[in-house]
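*Asks:* here you go, sequence then predicted model.
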Amino acid sequence: MMLGLVILLWISVVFAENLNFCAYHRDNLRRSLSLGSPGPDNLLLPFNGTRIPGSQESIDIQIFIKEFFGEKLSNDWSLEVDSFEEKGYNFTNLVFTPFNGDTFLVLAAHYDTKIEPKGFIGATDSGASCAILLYVAKFLDQILTSDRDLLNPWLLGSNVGLKIVFFDGEEALEYWTAEDSIYGSKHLAEKWKNQGLLDRIDLFVLLDLLGSQEQLPVHSYHRSSHAYYEVLSDIERVIAKGRDRSLNPSELQYLMKGPFLDDDHRPFYEAGVSVLHLIPFPFPSVWHKLEDNFENLDETKIQRWAVMMSEFVVKFVNS
């Protein structure tokens, strides 16, 4: 009953909040998430390269992400570095928290790329998703700096906190199995379990395989998060104005099947955390191929996801 009331409140304010935030998105989307503007504010192009765990390229993207939060944002985003070695590889998860709470909303994507085929860029898998998360952080930082009145006054108090996670080691080192995959998320989930943090996660949102030029559906995969999927779908409906929508809350075939896609959400889901898995199915045709490069990205779709997730986070925290 209470969740239903919250959903109705979210839907009732979506139009007003879009009016408040549209100027920010208009001024920042193109220079932040563009395929053709290699300026200092571009959050997408730095991921146009390989990011194999432990490699110099992986270290470079870690530095880029940490410098973004530490130097480009105005507020204090505390950093948790979760580094470990397994099977001869060095893995590093990065977790950023702008405000704590009794419970948390967690947004996540993986930044690593496959070892084979050599030269694999992983533009949709998952460079674009990482760039989207950086944009969401920048958007929230602006609100915390100059538009805090748009958020509830207790935002920085002890209610809903936020964590943005960049996972390492999602890809298999050789062949995907339950043991050879999602190294970073398994390690962080175990760490947070030992700290008592898993029980404090209200919703774990995982972004993956987004930004393809193909029009691919993103289904609702988990019963516990379907209401949140509906909220995100309402946001998309307002933004897309009916054109080329990815989400369809009335299409329930994958929800009825139960979880069947393996990804970084698995250890959190198995621990009882509510998961919203934002991944298309079928996968992009370039999945795990060298063609998963920046020539096959659609910046309009990436920018739409950035706006959708920005709006969603504000609504979630305000509820």
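*Replies:* Great, that's in hand.

*Asks:* report how many residues lie close to Asn100.
*Replies:* Neighbourhood size, Asn100 [other Cβ atoms under 10 Å]: 17. Using the backbone N, CA and C atoms, a C-beta is placed for each residue, glycine as well.

*Asks:* my guess is it contacts Asn159. True?
*Replies:* No. The pair Asn100 / Asn159 is not scored as a contact, 9.7 Å apart, by Cβ atoms under 8 Å.

*Asks:* the nearest residue to Leu252 once chain neighbours are set aside sits in which helix or strand?
*Replies:* Leaving aside its chain neighbours, Leu252 sits nearest to Ser220 (6.9 Å; criterion: Cβ to Cβ, 6 or more residues apart in numbering). Using DSSP states H and E, Ser220 maps to neither a helix nor a strand.

*Asks:* check contacts around Ser220.
*Replies:* Applying Cβ atoms under 8 Å, 6 or more residues apart in numbering, we find Ser220 in contact with 226, 229, 247, 249, 251-252, 254-255.

*Asks:* quick one: Phe104 is in a helix?
*Replies:* No. Counting by DSSP: H, G, I helix; E, B strand; the rest coil, Phe104 is not part of a helix but strand.

*Asks:* what secondary structure does the closest residue to it other than its chain neighbours sit in?
*Replies:* Counting by Cβ to Cβ, 6+ apart, Phe104 lies nearest to Gly161, which is 4.6 Å off, once chain neighbours are set aside. Following three-state DSSP, Gly161 is assigned to strand.

*Asks:* cool, Leu134 as well?
*Replies:* Reduced to three states by three-state DSSP, Leu134 is helix.

*Asks:* and the residue nearest to it when sequence neighbours are not counted, how far from Glu299?
*Replies:* Residue nearest to Leu134 in three dimensions, not counting chain neighbours: Leu43, with 4.4 Å by Cβ to Cβ, 6+ apart. Distance, Leu43 to Glu299, using Cβ to Cβ, to the nearest Å: 12 Å.

*Asks:* got it, and Gly196?
*Replies:* According to Cβ to Cβ, Gly196 stands 41 Å off from Glu299.

*Asks:* who's more crowded, those two?
*Replies:* Taking other Cβ under 10 Å, Gly196 and Glu299 do not tie; Glu299 has more neighbours (20 against 8).

*Asks:* what residues does the nearest residue to that one once chain neighbours are set aside make contact with?
*Replies:* Computed as Cβ to Cβ, 6+ apart, the closest residue to Glu299 that is not its neighbour in sequence is Leu35, at 4.9 Å. Leu35 makes contact with 44-45, 294, 297, 299 under the criterion Cβ under 8 Å, 6+ apart.

*Asks:* in a markdown table, list those residues along with distance to Tyr269 and pLDDT.
*Replies:* Rendered in a markdown table, the data for the contacts of Leu35 read as follows (distance: Cβ to Cβ, whole Å; pLDDT from 0 to 100):
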| residue | distance to Tyr269 | pLDDT |
| --- | --- | --- |
| Leu44 | 29 | 98 |
| Leu45 | 33 | 97 |
| Phe294 | 31 | 98 |
| Leu297 | 28 | 98 |
| Glu299 | 31 | 96 |
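
*Asks:* and of those residues, the nearest to Asp208?
*Replies:* Asp208 lies nearest to Leu297 out of the contacts of Leu35, by Cβ to Cβ, at 14.4 Å.

*Asks:* report how many residues lie close to Asp41.
*Replies:* Neighbourhood size, Asp41 [other Cβ under 10 Å]: 13.

*Asks:* what pLDDT does it get?
*Replies:* What the model reports for Asp41 is a pLDDT of 95.

*Asks:* residue ranges with poor pLDDT in this protein?
*Replies:* 1-20, 148-158, 242 (pLDDT under 70).

*Asks:* for it, which strand is longest?
*Replies:* Longest among the strand segments of the chain by residue count, using DSSP state E, is strand 89-99.
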